[in-house]
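> here is my input, please return the structure:
(chains A, B, C and D)
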Number of protein chains: 2
Amino acid sequence: MDRRMPTLSDVAQRARVSYATADRVVNARGGVSAKSVDRVRAAIEDLGYVRNVAAANLSQRKLYRFAVVLPAGSNAFFARVRALFVEAAERLRPDRVVLRVEDVEAFDPRALCARLELLAEDGVDGIALVGSDDAQVTAAIDGLRDRGISVVTLVSDVPGSGRDVYVGIDNRTAGRTAGRLITLAHAGGGGAVLPVVGALSAPDHAERVAGLRDVLDGFFRIAPVIEGRDRHAEVEARVAQALDADPAITAIYSAGAGNAGLIRVLEAKPEPRPVVVLHELVPHTRRGLEAGLIDIVIDQRPEEEVTRATETLRALADRRDPAAAGPIVPTIFVAENLPPMPGAP
Amino acid sequence: MDRRMPTLSDVAQRARVSYATADRVVNARGGVSAKSVDRVRAAIEDLGYVRNVAAANLSQRKLYRFAVVLPAGSNAFFARVRALFVEAAERLRPDRVVLRVEDVEAFDPRALCARLELLAEDGVDGIALVGSDDAQVTAAIDGLRDRGISVVTLVSDVPGSGRDVYVGIDNRTAGRTAGRLITLAHAGGGGAVLPVVGALSAPDHAERVAGLRDVLDGFFRIAPVIEGRDRHAEVEARVAQALDADPAITAIYSAGAGNAGLIRVLEAKPEPRPVVVLHELVPHTRRGLEAGLIDIVIDQRPEEEVTRATETLRALADRRDPAAAGPIVPTIFVAENLPPMPGAP
DNA sequence: CCGGAAATGAGAGACGTCAATCAGCGGAGG
DNA sequence: CCTCCGCTGATTGACGTCTCTCATTTCCGG
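Here you go, the predicted model:
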């Protein structure tokens, strides 16, 4: 039925060395002559030996202890990320991965740092967290790394810190993608674009708008950026006001959250509707797409981010190379290519 | 440091039964009284016991033997799929998965069936293949299933057969997505669309065009469909001719292959260029996007298809539920959100 | 040629599960 | 009373790797 695969004993036999020596070679323990190393390497090659990870993990009784720290609050996007991490935790348990999902007050560097400290003392092997551009946080990340804890930043990077890996989209690329789609939707004509963000001080939002400008500057008029603090009501009020004040606007690009407010404005607005591009596929943006109020949603694929984050943490814990599979690409959704509702039958 | 996770011995102890009885419960071997079953279940719940798959796989010395059969030839898309499968085979070896990647003459049901027969006699546990709508193939698939071999169809389904799972995009959805993007790119105005396919007898191509019609009928004039046999030269000649004959064409939708020919026509064509939407991100379509000759590429994410196919095969081999994670969603690429070139640094 | 260091061999216990065997228990039916 | 059967307990040998110990053997410089 199934003939067996070569084991390290087979390799040792073929290399005419003892099991111990073969083991010293594959686990790089040193103290082996170059000649023996070559022989073992050749035997591995010949037999096509592959280390049996099941056996290896078993013998090492390895336990991966990871934590994810997410900003608490009602944000639909992070709710989705949270759910995905909880699901991933469940799925990874048979592989002896213990993944804790924790919440911490949003926009509160002090609370975040305190939580990180707690986790470090609890003894985790790796932490994933949503970056924020703050000196305190940067220092805390470096502190974790000093203690041998791997750190992965999610969604928004902290480039100044010693984080091991950033898992997320390139926000400038995302903004450029939005610009391209807005251009396309104007069929070669020009127009006026209204950018909406949470705050220009948020690096991810600022980068998205910068990407938009990369593509549109010179072809489109770009209205003053609205800062809606990611609050539905605030976005609603300010966008309504801006559209009133500037009736020539032909497109809206929303780089942040609070889009339920934007959608309410659009519902109330008489035709013609501007071209609308915004971020993150969540229940209300999905409804907006389906209702024809929104044209494009650019999504950062939290599913993929969660998968990548957990895999990266595992790789780091194993001191393997964290499979730099390139950046995550912003994904474009229109009404027709929406994935089935998660949780729906 | 890392406290250990509960083992089945712990469960047995807590349930006040022997290891053997606990084992009989978790492995559903039968011959256990209801009372004992309940006690073991409760203990599992209490302790949060999770079966250690590493140990289980080790003890079972399981070997997964799978094969993928792809159409041979110069098609850039399948070349990419092939490369991805070869890479996946490499990656899966440590997990004791032996994945053979085989080529068979394209559009030759007889050759495909012969190959399937060979594989079955070699004793594989599961096969992934590119569906074709052929009675012979349908019968061959059913034959494999009768022998206990799992079958996954890729890229194009064979719904009439007993295949276990189809891994691929819904082509009608893909066509509709193209229609939506073409509509968007006309900024509310109308236009005339030229559909190009390999052959209308190919079910995937036909479905894509049907999806296009779903969205555009009534708003756009749809020119007669060109069948280019997926050959670059043929596509080039026919598209050039159609554009000459019908200068009012404002958009081209290519549902099949042979797009290098289409791109050559576009290079030669004076402005204004029609809106161009086509399928599969491969080197020449990528270049077309970057050069501004193409507006949109709809991709079926072969990376994801390959991952899903191998995972599905594994799930089927373990008699687990093949994680019906919903259909694969067609992905939209423009010049700005292209993933980094595979293989590039 | 000798002493010490480096390289190698041999082996065993542990990891947690699976699959099997064998023995013992009690109750029901003949 | 004996037998049969259903349930349970106890035990064991894989599976392949890691890690550690202890005993050689080989090599090299002096």
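> going by C-alpha atoms from here, please, whenever you check contacts or count neighbours.
Will do.
> show me where chain A has strands.
Secondary structure of chain A, counting by DSSP state E: strands at A:64-71, A:97-104, A:126-130, A:150-154, A:165-167, A:191-197, A:220-222, A:226-227, A:251-254, A:275-279, A:296-299, A:331-333.
> average pLDDT across the fifth one?
Across strand A:165-167, pLDDT averages out at 92.
> so where's the stretch 1-150 of chain A uncertain?
For the stretch 1-150 of chain A, the stretches with pLDDT under 70 are A:1-3, A:74.
> what residues does it put near DNA strand D?
Listed as neighbours of DNA strand D in the stretch 1-150 of chain A under the rule Cα under 7 Å from any atom of the strand: A:4-9, A:20, A:23, A:26-27, A:50-53, A:55-60.
> the residue nearest to residue A:97 when sequence neighbours are not counted and residue A:51, how far apart?
In this structure, residue A:97 finds its nearest non-sequential neighbour in residue A:64, 4.7 Å apart by Cα to Cα, 6 or more residues apart in numbering or on different chains. Distance, residue A:64 to residue A:51, by Cα to Cα, to the nearest Å: 20 Å.
> for residue A:107, give me its contacts.
Neighbour list for residue A:107: A:71, A:132 [criterion: Cα atoms under 8 Å, 6 or more residues apart in numbering or on different chains].
> in helices, which of the residues of the stretch 1-150 of chain A next to DNA strand D appear?
A:8-9, A:20, A:23, A:26, A:53, A:55-60 (DSSP state H).
> just the buried ones from the residues you listed?
Listed as buried from those are A:8, A:23, A:53, A:55, A:57-58; burial here means 16 or more other Cα atoms under 10 Å in any protein chain shown.
> between those residues, which sits nearest residue B:100?
Residue B:100 lies nearest to residue A:53 out of those, by Cα to Cα, at 20.7 Å.
> count the neighbours of the residue nearest to that closest one when sequence neighbours are not counted for me.
Nearest residue to residue A:53, sequence neighbours excluded (Cα to Cα, 6+ apart): residue B:94, at 6.2 Å. Per other Cα atoms under 10 Å in any protein chain shown, the neighbour tally for residue B:94 reads 15.
> swap in residue A:271?
Neighbours of residue A:271 (other Cα under 10 Å): 8.
> and it, how far is that from chain B?
Going from residue A:271 to chain B by Cα to the nearest Cα, to the nearest Å gives 12 Å.
> please identify which of residue A:64 and residue A:51 sits among more neighbours.
residue A:64 (21 against 18).
> and the more buried one, what does it touch?
So residue A:64 contacts A:96-98, A:124-125, A:314, A:317 (Cα under 8 Å, 6+ apart).
> same question, residue A:237
Per Cα under 8 Å, 6+ apart, neighbours of residue A:237: residue A:261.
> distance of it relative to residue A:260?
For residue A:237, the distance to residue A:260 - Cα to Cα - is 12 Å.
> what's the burial count for the closest residue to residue A:22 other than its chain neighbours?
Of all residues not flanking residue A:22 in the chain, residue A:12 sits nearest, at 5.4 Å (Cα to Cα, 6+ apart). Using other Cα under 10 Å, residue A:12 is surrounded by 20 other residues.
> residue A:12 is in contact with residue A:18, isn't it?
Yes - using Cα atoms under 8 Å, residue A:12 makes contact with residue A:18 at a distance of 5.6 Å.
> what would the buried ones among the ones in helices among the residues of the stretch 1-150 of chain A next to DNA strand D look like in JSON lines with distance to residue B:330?
Below are these laid out as JSON lines (distance: Cα to Cα, whole Å):
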{"residue": "A:8", "distance to residue B:330": "44"}
{"residue": "A:23", "distance to residue B:330": "47"}
{"residue": "A:53", "distance to residue B:330": "35"}
{"residue": "A:55", "distance to residue B:330": "39"}
{"residue": "A:57", "distance to residue B:330": "38"}
{"residue": "A:58", "distance to residue B:330": "40"}
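> and DNA strand C, which of these reach it?
For DNA strand C, the contacts drawn from these by Cα under 7 Å from any atom of the strand are A:55, A:58.
> just name the closest of the buried ones among the ones in helices among the residues of the stretch 1-150 of chain A next to DNA strand D to DNA strand C, please.
residue A:58 (4.5 Å; Cα to the nearest atom of the strand).
> residues contacting that closest one?
So residue A:58 contacts B:54-55 (Cα under 8 Å, 6+ apart).
> returning to that earlier point: is it true that the residue nearest to residue A:53 touches residue A:55?
No - Residue B:94 is not in contact with residue A:55 according to Cα under 8 Å; the separation is 10.5 Å.
> rewinding a little: which residues touch the residue nearest to residue A:22?
A:18-19, A:21-22, A:40, A:43.
> outline the domain layout of chain A.
Listed by automatic domain parsing, the domain ranges of chain A are A:8-59, A:63-168+A:302-328, A:171-299.
> residue in the stretch 101-250 of chain A nearest to chain B?
residue A:185 (4.5 Å; Cα to the nearest Cα).
> for that residue, which non-adjacent residue is spatially closest?
Closest to residue A:185 by Cα to Cα, 6+ apart is residue B:185, at 4.5 Å.
> for the closest residue in space to residue A:338 that isn't next to it in sequence, which residues are in contact?
Among residues not flanking residue A:338 along the chain, residue B:329 sits closest, at 7.1 Å (Cα to Cα, 6+ apart). Residues in contact with residue B:329 (Cα under 8 Å, 6+ apart) are A:337-339, B:169-170, B:300.
> 10 Å - rerun?
By Cα atoms under 10 Å, 6 or more residues apart in numbering or on different chains, the contact set of residue B:329 is A:333, A:336-340, B:168-171, B:173-174, B:299-301, B:304.
> residues touching residue A:11, list them.
A:17-19, A:22-23, A:39-49.
> for ChimeraX, what selects the buried ones among these?
Buried members of these, defined by 16+ other Cα under 10 Å, are picked up in ChimeraX with:
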select /A:17,19,22,23,39,40,41,43,44,49
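> which one of the contacts of residue A:11 is nearest to DNA strand D?
For the contacts of residue A:11, the nearest to DNA strand D is residue A:23 (5.6 Å; Cα to the nearest atom of the strand).
> how close does the closest one sit to residue B:232?
54 Å.
> what does residue A:257 give?
Residue A:257 is 45 Å from residue B:232, by Cα to Cα.
> and these two? which has more neighbours close in?
Using other Cα under 10 Å as the criterion, residue A:257 and residue B:232 rank with residue A:257 on top: 24 against 17.
> how about the residues of the stretch 101-250 of chain A near chain B?
A:122-125, A:170, A:172-189, A:211, A:215 (Cα under 10 Å from any Cα of the partner chain).
> same thing but 8 Å
A:123, A:173-174, A:176-177, A:180, A:184-187 (Cα under 8 Å from any Cα of the partner chain).
> now the helices for the stretch 151-300 of chain A?
Shown for the stretch 151-300 of chain A, the helices assigned by DSSP state H, counting those that start in this stretch span residues A:171-185, A:203-216, A:232-245, A:259-268, A:283-290.
> coming back round to it: which of the domains of chain A sits most buried?
Highest mean neighbour count among the domains of chain A (mean count of other Cα atoms under 10 Å in any protein chain shown): domain A:171-299, with a mean of 20.
> would CSV of the strands of chain A with distance to residue A:288 be doable?
What follows is the strands of chain A, written out as CSV (distance: least, Cα to Cα, whole Å):
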stretch, distance to residue A:288
strand A:64-71, 25
strand A:97-104, 29
strand A:126-130, 27
strand A:150-154, 26
strand A:165-167, 28
strand A:191-197, 17
strand A:220-222, 24
strand A:226-227, 20
strand A:251-254, 13
strand A:275-279, 10
strand A:296-299, 10
strand A:331-333, 12
